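Trainee: return a 3D structure for these sequence lines:
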Amino acid sequence: MNATLIAVALSLVSAVAYASAAVAQARLASRTDPTTGALRLMGHGAWWSAVGLNAGGALLHVAALKYGPLTLVQPLGALTLVAAVPLGARTAGRRVTRAEWRGTLLTLLGLAALLLAAGGAAPHDTLTLPEALAVAAVTMALVAGLSRPGTRPGLRHAAASGITSGVASALTQTLTVAATDHSGPLLSWRLVTVALLVSFLALGGLLLSQTAYRGGLGAPLAVVTLANPVAAALIGLVLLGERLQGGLLGLVPALIGAVAAVEGVVLLSRAQATATVASDATEAVVPAPVRASRPSRVVISAPSPSVPLVGEPPVLRPEPVSGSR
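Mentor: Numbering: from 1, shown residues only. This next block holds a predicted model:
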């Protein structure tokens with residue numbers, strides 16, 4: 001089978017795993033206190049389910065990077081949002097709206113245009129150790145700025161998560177290619193350092209996305225989905241020598257596809273946000289069942305002059321003393 005087809009197939013299954021993990025994380029974020037730390041999250045079964053799904057998606061992603069370049073594999077990660085649409089709607093007990101379907105179709109068309117411009121050759125170049133350390137340092141600086149203390153959880157944390165995950169993917173490709181080409185020792189300082197960086201960045205991206213999903217699933221996942229391939233593709237184009245097919249002419253379908261994909265992602269985000277608000281409003285309107293109680297019988301009557309009102313002390317009137325005959 002063609003290496004490009006293998007990379008696409010693995011990327012599709014990886015996107016479904018990542019989408020399931022995102023839905024699990026969003027549900028966990030909606031049911032936990034915003035001040036809950038990472039250690040307390042580990043006590044929830046939903047957290048470990050999300051970790052397992054993310055790990056499975058990551059393994060499939062690593063396998064895809066073995067057969068395809070970053071400019072091909074990373075744009076397919078946007079299918080995570082497409083898969084999360086029906087999964088999130090089903091979990092919330094609602095139907096997918098027309099706007100969500102339109103956003104899904106527009107995103108798929110944009111991805112198709114991007115795939116036409118993406119390079120199809122299997123990757124051979126890898127990052128050197130100084131390049132890997134420099135990329136990691138720049139990434140940490142960007143993440144520190146986006147998620148600085150006091151920043152409201154939301155799109156900034158989502159952007160930081162997407163950048164971190166994209167850089168982790170680029171480093172993972174370096175790790176995979178260097179470990180499987182049998183050109184050097186398996187446990188070299190370079191591979192061990194890159195493996196530690198990948199683990200650190202992957203965990204950081206997971207925690208950042210968990211924080212971002214406190215504001216809902218749609219918009220944060222859209223930002224994660226866009227920032228991830230942009231960060232990885234920049235590394236592939238600048239440092240790994242990857243090129244778009246067709247040269248300058250290849251930029252035309254790439255730009256059209258990018259605009260369409262962005263528009264589709266924005267449409268999906270707005271549609272999902274609207275559906276979430278409508279669901280919350282419906283839950284707020286439906287009253288809780290109230291147990292019926294037997295009404296008390298209240299009788300109001302005019303007071304009698306000879307009968308004292310309730311709560312008033314009785315009036316003692318002295319009886320007339322009859323005189324003696």
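
Trainee: low-confidence ranges in the stretch 101-250 of the chain?
Mentor: By pLDDT under 70, the low-scoring segments of the stretch 101-250 of the chain are 115, 117-124, 151, 181-186, 244-248, 250.

Trainee: now do 50
Mentor: The stretch 101-250 of the chain contains no residues with pLDDT under 50.

Trainee: ranges for the helices of it?
Mentor: Under the criterion DSSP state H, counting those that start in this stretch, helices of the stretch 101-250 of the chain are mapped to 129-146, 155-180, 189-212, 218-238.

Trainee: out of these, nearest to G45?
Mentor: helix 189-212 (14.8 Å; C-beta to C-beta). In short, each C-beta sits where N, CA and C put it, glycine included.

Trainee: isn't A271 right up against L106?
Mentor: No - taking contacts as C-beta atoms under 8 Å, A271 lies outside contact range of L106: 11.3 Å.

Trainee: now do the contacts for the nearest residue to A202 once chain neighbours are set aside.
Mentor: Excluding the flanking residues, the one nearest A202 by C-beta to C-beta, 6 or more residues apart in numbering is A168, at 4.9 Å. For A168, the contacting residues are L197, V198, L201, A202, G205, by C-beta atoms under 8 Å, 6 or more residues apart in numbering.

Trainee: likewise S14?
Mentor: G57, A58, L60, H61, A64, G77.

Trainee: tell me the buried residues in stretch 50-62?
Mentor: For stretch 50-62, the neighbour count (16 or more other C-beta atoms under 10 Å) marks A50, V51, L53, N54, G56, G57, A58, L60, H61, V62 as buried.

Trainee: take those residues and keep only those in helices.
Mentor: Under the assignment DSSP state H, those contribute A50, V51, L53, N54, G56, G57, A58, L60, H61, V62 to helices.

Trainee: what's the closest of these to L255?
Mentor: Nearest to L255 among those, with distances taken as C-beta to C-beta, is H61, at 25.5 Å.

Trainee: just the element for the nearest residue to that closest one once chain neighbours are set aside, please.
Mentor: Spatial nearest neighbour of H61, excluding adjacent residues (C-beta to C-beta, 6+ apart): S14 at 4.6 Å. According to DSSP states H and E, S14 maps onto helix 3-31.

Trainee: ok so, going back, adding distance to L221, write the ones in helices among the buried residues of stretch 50-62 out as a markdown table.
Mentor: Converted to a markdown table, these look like this (distance: C-beta to C-beta, whole Å):
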| residue | distance to L221 |
| --- | --- |
| A50 | 13 |
| V51 | 17 |
| L53 | 14 |
| N54 | 13 |
| G56 | 18 |
| G57 | 13 |
| A58 | 17 |
| L60 | 18 |
| H61 | 16 |
| V62 | 21 |
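
Trainee: go through those residues and say which is closest to W189.
Mentor: So of those, ranked by how close each gets to W189 (C-beta to C-beta), first place is V62, at 20.9 Å.

Trainee: the closest one against L171, yeah?
Mentor: No - the criterion here is C-beta under 8 Å, and V62 misses it with L171 at 10.8 Å.

Trainee: just to revisit the earlier point, and the residue nearest to A202, how far from A260?
Mentor: 27 Å (C-beta to C-beta, to the nearest Å).

Trainee: OK, contacts around L201?
Mentor: L201 neighbours (C-beta under 8 Å, 6+ apart): A136, T139, T164, S165, V167, A168, L171.

Trainee: state the distance from it to S20.
Mentor: Noted for L201: a distance of 21 Å to S20, by C-beta to C-beta.

Trainee: V266 too?
Mentor: V266 is 23 Å from S20, by C-beta to C-beta.

Trainee: neighbour count winner among those two?
Mentor: Just comparing V266 and S20: by other C-beta atoms under 10 Å the higher neighbour count belongs to S20, 22 against 16.

Trainee: mind pulling up the pLDDT for that one?
Mentor: S20 carries a pLDDT score of 89 in this model.

Trainee: wait, it sits on L87?
Mentor: Yes - S20 is within contact range of L87, at 6.2 Å (criterion: C-beta under 8 Å).

Trainee: from the chain's centroid, how far away is stretch 14-31?
Mentor: 6 Å (C-alpha atoms, centre = their mean, to the nearest Å).

Trainee: now for A29, how many residues are close by?
Mentor: The number of residues near A29, taken as other C-beta under 10 Å, comes to 23.

Trainee: what sits against it?
Mentor: Counting by C-beta under 8 Å, 6+ apart, A29 makes contact with Q210, T211, Y213, R214.

Trainee: and which of these is nearest to G150?
Mentor: Set against G150, the nearest of the contacts of A29 by C-beta to C-beta is T211 (13.1 Å).

Trainee: how many neighbours does that closest one have?
Mentor: 22.

Trainee: how about the contacts made by it?
Mentor: Residues near T211 by C-beta under 8 Å, 6+ apart: A29, S147, P153, H157.

Trainee: tell me which of the residues you listed is nearest to T91?
Mentor: Distances from T91 to the contacts of T211, taken by C-beta to C-beta, are shortest for A29, at 13.0 Å.
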